[in-house]
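>>> When you get a sec, could you give me coordinates for this:
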Amino acid sequence: MKYSEEIQKLLPLGYIYLVILGILKESIFYYQLGINILKYSTIMDILLSPIAEFTSNPITLLFIISLFVFHYNLPKIFLKYRNNRTLQKIFELKSEEKLSEDEIKNYYIFASFKMFAVILLSFFIGTGVAGGYSTIHRIRENKIDYNYTLNYNSGESKQIYLISTNSIYYFYVEKGDKSIQIAPIGSIKNIKKGLKVGILAK
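Prediction:
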């Protein structure tokens with residue numbers, strides 16, 4: 001079986017794994033804010049959560065693409081330098097003396113994806129923990145920028161710090177109030193954002 005065919009077989013399982021990681025990251029992030037995010041999410045929010053995370057800023061997207069390209073080619077590197085003891089020690093590869101050629105290829109593909117999966121798990125958990133902690137700390141210390149104006153259908157306006165949003169809710173903190181508020185998107189006329197220039201500007 002061709003190498004590309006082996007990769008194609010793993011893609012559906014890979015996306016399911018990404019969705020699980022997306023749920024885990026969002027749950028960890030919002031748990032620190034006292035919110036059970038699954039109660040406020042649709043199936044589409046859950047399915048798109050890993051894509052939303054990857055495209056959250058250009059640096060994250062570049063990191064994920066680079067990571068994928070590297071691990072896609074890693075089995076070929078393993079095969080090319082299969083007798084390199086240093087490489088085997090670094091990546092903790094087992095001996096292949098009793099394996100057939102096809103079994104060796106499959107083993108290297110599995111080893112590469114296993115490392116990729118562990119790195120992604122660390123990335124999602126790390127961003128969930130760090131993001132949630134940073135957000136709640138900045139809210140408590142009043143170190144947030146109220147650079148959004150939320151205009152309700154009723155005509156009421158609020159100056160807010162926008163924590164996040166999904167397909168049906170806005171999660172925000174109103175200026176002068178440290179409590180986290182949740183507003184249905186249907187009740188909002190529009191939202192205005194102050195101009196902030198920079199590659200990481202949100």
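
>>> And the contacts of the lengthiest strand in the chain?
Ranked by number of residues, the top strand in the chain under DSSP state E is strand 157-165. By CB atoms under 8 Å, 6 or more residues apart in numbering, the residues outside strand 157-165 that reach it are 33, 135, 139, 144-152, 170-175, 180, 185, 191. The way it works is simple: take the backbone N, C-alpha and C, and place the C-beta from them, glycine included.

>>> Would you mind checking these for buried ones?
33, 135, 139, 144, 146-148, 150, 170-173, 180, 191 (16 or more other CB atoms under 10 Å).

>>> The protein: helices as residue ranges?
In the chain, the segments counted as helices under DSSP state H are 3-31, 43-54, 58-80, 85-90, 101-140.

>>> How far off centre is the shortest one?
Just to be clear, that refers to helix 85-90. 30 Å (CA atoms, centre = their mean, to the nearest Å).

>>> Can you name every helix or strand that that helix contacts?
Under the contact criterion of 3 or more CB pairs under 8 Å, 6 or more residues apart in numbering; DSSP states H and E, helix 85-90 touches no helix or strand at all.

>>> tell me which residues of that helix are tucked away?
Quick answer for helix 85-90 (16+ other CB under 10 Å): residue 88.

>>> Got the domain ranges for the chain?
What automatic domain parsing lists as the domains of the chain is 3-140, 148-193.

>>> now the buried ones among the contacts of strand 157-165 as JSON lines including pLDDT and distance to residue 39?
Putting those into JSON lines (pLDDT from 0 to 100; distance: CB to CB, whole Å) gives the following:
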{"residue": "33", "pLDDT": "95", "distance to residue 39": "13"}
{"residue": "135", "pLDDT": "96", "distance to residue 39": "19"}
{"residue": "139", "pLDDT": "94", "distance to residue 39": "21"}
{"residue": "144", "pLDDT": "93", "distance to residue 39": "24"}
{"residue": "146", "pLDDT": "92", "distance to residue 39": "26"}
{"residue": "147", "pLDDT": "90", "distance to residue 39": "28"}
{"residue": "148", "pLDDT": "93", "distance to residue 39": "23"}
{"residue": "150", "pLDDT": "92", "distance to residue 39": "21"}
{"residue": "170", "pLDDT": "95", "distance to residue 39": "15"}
{"residue": "171", "pLDDT": "96", "distance to residue 39": "12"}
{"residue": "172", "pLDDT": "96", "distance to residue 39": "17"}
{"residue": "173", "pLDDT": "96", "distance to residue 39": "19"}
{"residue": "180", "pLDDT": "95", "distance to residue 39": "14"}
{"residue": "191", "pLDDT": "91", "distance to residue 39": "22"}
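
>>> Looking at those, which is nearest residue 156?
residue 150 (8.6 Å; CB to CB).
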